[in-house]
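Undergrad: With the input below, show me the fold.
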Amino acid sequence: MAESLVQPLRDDMIWMKHHGIINVANSVLNSIDVDQTVANLMVTACNDGYTQGYTECTKHVNNALKVDLNDTGSATHGVDTGTAHVAAKTEYKNLRLPVMDLVVAALESDDFVAQLKEVFPNESDDDEDLE
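TA: Reported below is the predicted structural model:
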């Protein structure tokens, strides 16, 4: 009798271990939205760093050589790289993935494993080999 009560819980635990957690992680890591947002963040960080570095270098050259160089030779001249980078950081911070909304809704239900199985159906329901 006790085994019949414990077995469904054990099966759910095995499914979570071998499918649920992996599927959630893969859904986030393989998300096009995450890739695009991170790529944009990296590009804006690089551009802003280049701009700041160019400005800093120009100041040092001006002080050392007593000349009056400006940033017109910079590849990012006239571009507000700081604002673009702040916007990219905000976009990353506020990134919402539809799959995570489904996961959160599933975790709020009484039978969250059954709900997660609907979100991430198995190719095979045979979990016997996972023990």
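
Undergrad: and the gap between the residue nearest the centre of the chain and Leu41?
TA: With distances taken as Cα atoms, centre = their mean, Val34 lies nearest the centre of the chain, 4.5 Å away. Noted for Val34: a distance of 10 Å to Leu41, by Cβ to Cβ, to the nearest Å. C-beta: built from backbone N, CA, C; applies to glycine.

Undergrad: okay, now Asp12: neighbour count?
TA: Neighbours of Asp12 under the rule other Cβ atoms under 10 Å: 18.

Undergrad: likewise Asp101?
TA: Neighbours of Asp101 using other Cβ under 10 Å come to 10.

Undergrad: Also Asp48?
TA: 20.

Undergrad: ok, so what distance separates it from Leu107?
TA: 38 Å.

Undergrad: ok, now Trp15?
TA: 14 Å.

Undergrad: Settle it for me: which of those two has more neighbours?
TA: Trp15 (20 against 11).

Undergrad: surely the more buried one meets Lys117?
TA: Yes - under the criterion of Cβ atoms under 8 Å, Trp15 makes contact with Lys117 at 6.9 Å.

Undergrad: Do you know the pLDDT at the residue of the chain most remote from its centre?
TA: In terms of distance from the mean C-alpha position of the chain, Lys66 ranks first, at 46.6 Å (Cα atoms, centre = their mean). pLDDT, Lys66: 95.

Undergrad: by contact count, what packs against the helix or strand where Arg10 lies?
TA: Secondary structure from DSSP states H and E places Arg10 in helix 2-15. Secondary-structure packing of helix 2-15 (3 or more Cβ pairs under 8 Å, 6 or more residues apart in numbering; DSSP states H and E): helix 112-119.
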